[in-house]
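S.K.: Sharing a sequence plus its predicted fold:
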Amino acid sequence: MESKYRIQKVIYLLLFCLSIFASCGEAERKTTQPFSLSGIQNGDIICRLGRGFFSDKFKDYSLSEKLYSHVGIIEALGDSLFVIHAEASELTGIGYVKREPVSVFLDDIETWGIYRIDAQDSIRNLIAMHAKTYYDRKTPFDLDFDASDDSKVYCTELVALAINKSVGCDFVLPLLNFGKRKIYGIDNVYLLPGIQEIKKATK
């Protein structure tokens, strides 16, 4: 009987140790970024390759560089960095333009990049401001991917509209075929002359 209790104690001790190791590894994985996020500015474009069920599909919504599945705009407030982006639930398809800390946007993400339009600070500030306007209006996610109507927006449409409204022209164009429509591909919004790569991490 005593040996039976001793075995149970050993098993419980092993399970306890394993749970501690697992939680420590999880914490380290989630808080470790490939490099510092310093130098990111208001109005920068941020891209990521998500881990969701549809991320690999959305990665194909690019013309040439099929690297990312999602994109948003940086809003810098003092020492805090936020991302404004349009996202829908993979289960329901319902979503809105949302605003969340960069640390949340990049949580558990291995492939991401920061890009910046070559323009004055005032233009980049406008980009962030226009993106936030869609957030303030609680703009719904556009499941129809209709680039001609901004009452609903998808992720690349939000970024393209914020840039185009800020520079005063159609700097970003919808060039990707989506059925009978043209939509904004993910690389449409960052692989353009006048937009430079600032930081990049790939797995």
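M.R.: Yes, it's here. Numbers count the residues shown, from 1 in each chain.
S.K.: Residue 60 versus the spatially closest residue to residue 127 that is not a sequence neighbour, what's the distance?
M.R.: Excluding its sequence neighbours, the residue lying closest to residue 127 (C-beta to C-beta, 6 or more residues apart in numbering) is residue 43, at 3.8 Å. Any C-beta I mention is one placed from the backbone N, CA and C, and that applies to glycine too. Counting by C-beta to C-beta, to the nearest Å, the gap between residue 43 and residue 60 amounts to 27 Å.
S.K.: neighbour count winner among these two?
M.R.: A side-by-side neighbour count of residue 43 and residue 60, using other C-beta atoms under 10 Å, places residue 43 first with 25 against 11.
S.K.: Pull up the per-residue confidence for that one.
M.R.: Looking at residue 43, its pLDDT reads 98.
S.K.: That one: what's it in contact with?
M.R.: For residue 43, the contacting residues are 73, 74, 116, 117, 123, 124, 125, 126, 127, 128, 166, taking C-beta atoms under 8 Å, 6 or more residues apart in numbering as the criterion.
S.K.: and those, which are buried?
M.R.: Among the contacts of residue 43, the ones that count as buried by 16 or more other C-beta atoms under 10 Å are 73, 74, 116, 117, 124, 125, 126, 127, 128, 166.
S.K.: Which ones among these map onto strands?
M.R.: Among those, the members found in strands (DSSP state E) are 73, 74, 116, 117.
S.K.: burial of residue 80, as a residue count?
M.R.: Around residue 80 there are 10 other residues, counting by other C-beta under 10 Å.
S.K.: who's in contact with it?
M.R.: The contact partners of residue 80, by C-beta under 8 Å, 6+ apart, come to residue 101.
S.K.: Look up which residues are beta-bridged to it.
M.R.: Judged by DSSP bridges, the bridge partners of residue 80 are residue 77.
S.K.: how about the strands in this structure?
M.R.: 45-48, 70-77, 80-88, 95-101, 112-117, 176-178, 181-183, 195-201.
S.K.: Would you reformat those as TSV and include distance to residue 153?
M.R.: Listed next are the strands of the chain as TSV, based on distance: least, C-beta to C-beta, whole Å:
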stretch	distance to residue 153
strand 45-48	15
strand 70-77	11
strand 80-88	5
strand 95-101	7
strand 112-117	19
strand 176-178	15
strand 181-183	11
strand 195-201	20
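S.K.: mind checking which of these is nearest residue 146?
M.R.: Counting by C-beta to C-beta, residue 146 lies closest to strand 181-183 out of the strands of the chain; the figure is 7.0 Å.
S.K.: so what secondary structure elements neighbour the closest one?
M.R.: For strand 181-183, the packing partners by 3 or more C-beta pairs under 8 Å, 6 or more residues apart in numbering; DSSP states H and E come out as strand 176-178.
S.K.: again, 7 Å this time
M.R.: If contacts are counted by 3 or more C-beta pairs under 7 Å, 6 or more residues apart in numbering; DSSP states H and E, strand 181-183 sits against no helix or strand.
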